[in-house]
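> how would this look folded up:
(one chain, ligands or ions: 1)
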Amino acid sequence: MIQFSNVSVRLGRYDVVKDVSFSVDKGEICVILGQNGSGKTTLLKALSANAPYTGHILADGKDLSGLSRRERAAMIAFMAQNLPSPPVSVEKLISFGRQPYTGISGILSPGDKRIISQVLHRTGLEHIAGKRVDRISGGEQRKAFFAMMLCQQAPYILADEPTANLDVIHAKSILEMLAQRKTAGDGVIAVLHDINQALEIADKILLMEGGRAVFFGTPRRFCKKKFPLSHFGMERLECTGEDGKKQFIYK
Ligand code: ADP
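You can find the predicted model right below:
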């Protein structure tokens, strides 16, 4: 379990995250929602050791501040929102996910190589394994970084807007892969902007506003409390799925 207890982040003169507490279990997806500037990215940065914080963050009972970078990388994999386009092949990029295990030498064991080829296969990137990351589409790049994160084989994965700027097919494929990680027993924390995507995959929703967590709970409660309407100004539409079940979508 990842547990945030009274976590605050101050950047410069600003309190960007204020006293946030919530927890995410293994085998669960927690989606963080909130308007721009509400502190979502900063919260993930605190968890991935990219922002200083006060309070406590525990992963499986261990305080993250007491772990080395490598120990932390073996527990938590992070995909940032703004990704670089390095001039290396997709396969090479994915192999960087093994760094917490290979050390600085970067020498891959047969086991590491097996994991890389399994991830290439699972993510459907085999056909572009040899292409350079700076010469593939934005959607393919995001998928390649996602694959690198999978290669890290950490039990917790964090993804900051993993579906941003992706076409429907790439976005669907990333969401499916997040759901697969949950089924495989990983704990997933993802920042998403699309309420419908969030409601589709989340077990828990954390709603941020002005650096504070204003809601944490199930998607059902999130909808019952009418947050999509009150907070995001959305309309609720009722529709019937192919299976005849009624469902709501927000637009
Ligand atoms: P979100 O991901 O919800 O859009 P962020 O976590 O990126 O929000 O940012 C929250 C707030 O913190 C914003 O108002 C942003 O301008 C501010 N902020 C982000 N980084 C810094 C920084 N390095 N120094 C000062 N303020 C920052």
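> tell me which element the residue nearest the centre of the chain is part of?
Among the residues of the chain, the smallest C-alpha distance to the mean C-alpha position (C-alpha atoms, centre = their mean) belongs to residue 159, namely 2.0 Å. When secondary structure is defined using DSSP states H and E, the element that contains residue 159 is strand 156-160.
> Contacts only, for residue 112.
Neighbouring residues of residue 112 by C-beta atoms under 8 Å, 6 or more residues apart in numbering: 95, 98, 101-102. Yep, even glycine has a C-beta here, placed from its N, CA and C like the rest.
> Tell me how far it lies from residue 251.
According to C-beta to C-beta, to the nearest Å, residue 112 stands 45 Å off from residue 251.
> Residue 147 - that's part of a helix, no?
Yes. If the criterion is DSSP: H, G, I helix; E, B strand; the rest coil, then residue 147 is within a helix.
> Enumerate every residue touching it.
Residue 147 makes contact with 90, 94, 97, 119-120, 123, 125 under the criterion C-beta under 8 Å, 6+ apart.
> What sits closest to residue 229 if chain neighbours are left out?
Counting by C-beta to C-beta, 6 or more residues apart in numbering, the nearest residue to residue 229 once its immediate chain neighbours are dropped is residue 236, at 6.6 Å.
> Likewise for residue 183?
Closest residue to residue 183 apart from its sequence neighbours, by C-beta to C-beta, 6+ apart: residue 27 at 7.8 Å.
> what about the one you found, which SS state?
Using three-state DSSP, the secondary structure recorded for residue 27 is coil.
> What's the per-residue pLDDT of it here?
Residue 27 carries a pLDDT score of 97 in this model.
> Next, count neighbours for it.
In terms of burial, residue 27 registers 15 neighbours under the definition other C-beta atoms under 10 Å.
> Likewise for the one 4 residues further on?
By the other C-beta under 10 Å criterion, the neighbourhood of residue 31 contains 26 residues.
> Enumerate every residue touching the nearest residue to residue 128 once chain neighbours are set aside.
The spatial neighbour of residue 128 that comes closest, neighbours along the chain excluded (C-beta to C-beta, 6+ apart), is residue 90 at 5.4 Å. The contact partners of residue 90, taken as C-beta under 8 Å, 6+ apart, are 120, 125, 128-133, 136, 140, 144, 147.
> what does this structure have sitting close to the ligand?
Counting by C-beta under 6 Å from any ligand atom, the chain comes close to the ligand at 11-12, 14, 16, 34, 36-42.
> Show the buried residues in those residues.
Burial by neighbour count, judged by 16 or more other C-beta atoms under 10 Å, picks out 16, 34, 38-42 from the residues of the chain next to the ligand.
> returning to what we had before: contacts only, for the residue nearest to residue 229.
Contacts for residue 236 (C-beta under 8 Å, 6+ apart) come out as 228-229, 248-250.
> can we see that at 10 Å?
Residue 236 is in contact with 223, 226, 228-229, 248-251, counting by C-beta atoms under 10 Å, 6 or more residues apart in numbering.
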